[in-house]
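[1] Quick one, structure for this:
(chains A and B)
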Amino acid sequence: MNRTDFVKKVSRQRFLLFMIIPGIVYFVVFHYIPMYGVVIAFKNFDVFSGIWDSPWVGLSHFKFFAALPYFWQVVGNTLKISALKIFTGFPCPILLALLLNELYSQKFKKVVQTISYLPHFLSWIVISGVIFQLLSISYGFYGYICAAFGREPSVILSTKSGFMSVLITSNIWKEIGYGSIIYLASIAGISPELYESAVIDGAGRFKQCLYITLPSLSNIIAVMLVLAMGGLLSGSFDQIFNLQNAVILPYFDTIDTYVYRMGIQQFQYSFSAAVGLARSIIGIILVLSCNWVVGKFANYTVF
Amino acid sequence: MIRSKGARIFNVCNMILLSLLSLTIVFPFWQQIVISVSPPSEASTVNLHLFTLRPTLDAYKDILRSGVLLEAYAWTIMKTAVGTFLSVIVSTMLAYPLSKKYLIFRKGWMGFIIFTMFFGGGLIPTFLLVRDLRLMNTIWALILPGLCSAYTVVIIRNFFMSLPVELEEAAYIDGANEVMVFFRIVLPLSMPIIATVSLWSIVGSWNAWFDALIYLNDNKIKILQIVLRKTIQEAVNSSDVLSVYEEVATGRQYTRESLQAATLMAVTLPVLITYPFLQKYFVKGIMIGSVKG
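    All right, here's what the predicted structure looks like:
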């Protein structure tokens, strides 16, 4: 294509090219400039000199946090919480979708679906208010149950195992309904002929579920698992930040809450940016390797 | 349909189990409603809070009288409305050209946008950018940084690509220009996806709080979620007074639990009321999103 052709093409597409300007400008300013801003991880950022003029320090921030025992504790916390949340939270929506699928009454199914999607649409601030009330000793359901059984109530959110159980349970509770939508849609797409032939072969509902529904869902389950693995290093900020207290903080300080505390509250911009950068790079590697593993064993890739 | 005995038993157990699941969601919110209308003598006692014999709207009157909540409502509605409006316009304008296979540098533009799905500057560089742009303590700090996402743009683009090309071709033959085709043909046909994306944006904006926490620090702009967060956190740290409602609460008898529950309901009610009617659009949106483009 020569020059005049190109100019002609541009001029013919001027309306389309004009339309993308605001969006491209937005992505440059609010996505690509912060990407450039990541260089402060390799500098000693000074508020007065700005990003450009701050002195380079190479990998010293990375070396510093890598030598920090507390940093590794934070990494351990993050992995432990995410792994437990994925392990418990991932199968639940699949199970719910299977149970909803077995219902005969469509009306009942609709009601359960509508109710179970609801918590997904509320913020963790609202949910934290509900949780604090439920677990309150003085006016909550927990206090009521303890009083009814004559047990001495304790502050659940101040113990390590108590806080972890609350994280896991509330995570399942909030996302089980919404997470089931994608599986229900896949189940609806399974060819009825498969079930008909299974019935002729003498399979009951349980066998149909085991040998037809679940295998048909394997691709979408693999995709969702890859996406969930991508969030292994993040994803719990809203939940933990709104539920945490000083007593359990060291055990539930995750990379995200750590970056927030060090960067926004204690103004250690370069240090926090370095931690954040390390996290996103490992996050990308995680997603790509999960994708590779699933591609290798389930013969299906997301990207 | 003939069902075996085992199938009937399973069905009953299944219905009981799913009813219990629904109950765990309805019950806590019902408790919040009951506590918010309970008189002081009941709200803060060990109780199931399933009903109250002497309902009172005092807590709601108190939080409305304080002015903080109304102000927060105004700011929150404003940022949600402006943010959603701008977000839909910018995303749609970006998505339409990208849906055309003959667009110059189409692959390049797409790669440029999709890359942001995988890598971003992260919290600190974004925070510094917002500060350098002098957006701190303005409503724009809550609107601009998250205005549109690669995901939304791709979903709208996929929808545009699914529209039949013949419609646009016919319009061109009839003498329409590109502007007319976009506004008269493409946009009216795209209302389902625009409704879905708007709803996502509205819910996201209504529930957003972290941006307000880090970008607003002079207490001039008030956001509902932050007001709620303050009342909840103060109650947890068991300080006696709720500073958010200090001016109405001092010198009167009030119940912290009721005020907190009433605030929670004030933030949640708009979602609870509209949600059952809008639910199907969200579900539809997920289906659209799951189509690979």
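
[2] lowest average confidence, helix or strand, in the chain?
    I'll assume chain A. The weakest-scoring helix or strand in chain A, judged by mean pLDDT, DSSP states H and E, is helix A:50-53 (a mean of 84).

[3] that answer is for a different chain, and I need it for chain B
    Per mean pLDDT, DSSP H and E, helix B:246-249 ranks last in chain B, at a mean of 65.

[4] And the next helix or strand past it?
    Tracing the chain C-terminally past helix B:246-249 and defining elements by DSSP states H and E, one meets helix B:256-290 next.

[5] Helices of the stretch 151-300 of chain A, start to end?
    With DSSP state H, counting those that start in this stretch as the criterion, the stretch 151-300 of chain A has helices at A:160-188, A:192-200, A:205-208, A:214-230, A:237-243, A:249-252, A:255-259, A:269-297.

[6] what do you get for the stretch 51-200 of chain B?
    With DSSP H, counting those that start in this stretch as the criterion, the stretch 51-200 of chain B has helices spanning B:58-65, B:68-98, B:106-118, B:123-132, B:140-143, B:150-162, B:165-173, B:178-180, B:187-189, B:191-207.

[7] Quick one, which of those helices gets closest to B:R8.
    Using CB to CB as the measure, helix B:191-207 is the one of the helices of the stretch 51-200 of chain B that comes nearest B:R8, at 39.4 Å. The way it works is simple: take the backbone N, C-alpha and C, and place the C-beta from them, glycine included.

[8] Determine how far the closest one lies from the middle of the whole chain.
    Its chain's C-alpha centre and that of helix B:191-207 lie 8 Å apart, by CA atoms, centre = their mean, to the nearest Å.

[9] Against which helices or strands is that helix packed?
    Counting contacts by 3 or more CB pairs under 8 Å, 6 or more residues apart in numbering or on different chains; DSSP states H and E, the secondary-structure elements packed against helix B:191-207 are helix B:68-98, helix B:150-162, helix B:256-290.

[10] Now the residue nearest to the spatial centre of chain B: closest residue in space that isn't a chain neighbour?
    Nearest to the mean C-alpha position of chain B, counting by CA atoms, centre = their mean, stands B:V203 at 1.5 Å. Among residues not flanking B:V203 along the chain, A:F121 sits closest, at 5.7 Å (CB to CB, 6 or more residues apart in numbering or on different chains).

[11] ok, now how distant is the one you found from A:Y139?
    From A:F121 over to A:Y139 the distance is 26 Å, taken as CB to CB, to the nearest Å.

[12] I figured A:V226 was touching A:W292, is that so?
    No: using CB atoms under 8 Å, A:V226 makes no contact with A:W292, being 9.6 Å away.

[13] the more surrounded of those two?
    Neighbour totals were compared for A:V226 and A:W292, and A:V226 leads with 24 against 13 (other CB atoms under 10 Å in any protein chain shown).

[14] check contacts around the more buried one.
    Contact criterion CB atoms under 8 Å, 6 or more residues apart in numbering or on different chains gives A:287, A:290-291, A:294, A:302 as the residues in contact with A:V226.

[15] What of B:L147?
    A:26, A:30, B:83, B:86-87, B:90.

[16] can you count the residues close to the residue of the stretch 51-200 of chain A found nearest chain B?
    Of the stretch 51-200 of chain A, the residue with the smallest distance to chain B, taken as CB to the nearest CB, is A:S123 at 3.8 Å. When neighbours are defined as other CB under 10 Å, A:S123 has 24 of them.

[17] residues in contact with A:Y32?
    In this structure, A:Y32 makes contact with B:T116, judged by CB under 8 Å, 6+ apart.

[18] actually A:T78, sorry about that
    For A:T78, the residues meeting the contact criterion (CB under 8 Å, 6+ apart) are A:232-234, A:236, A:254-256.

[19] Help me confirm that it is found in a strand?
    No: assessed with DSSP: H, G, I helix; E, B strand; the rest coil, A:T78 is helix; it does not lie in a strand.

[20] next one: phi and psi at the closest residue to it other than its chain neighbours?
    The spatially closest residue to A:T78, leaving aside those adjacent along the chain, is A:T254, at 4.2 Å (CB to CB, 6+ apart). Its backbone dihedrals place A:T254 at phi -100, psi 170, with angles given as degrees, to the nearest 10.

[21] State the pLDDT value of A:T254.
    The predicted local distance difference test score for A:T254 is 93.

[22] tell me, how many neighbours does it end up with?
    Here the neighbour count serves as a burial measure; for A:T254 (other CB under 10 Å) it reads 27.
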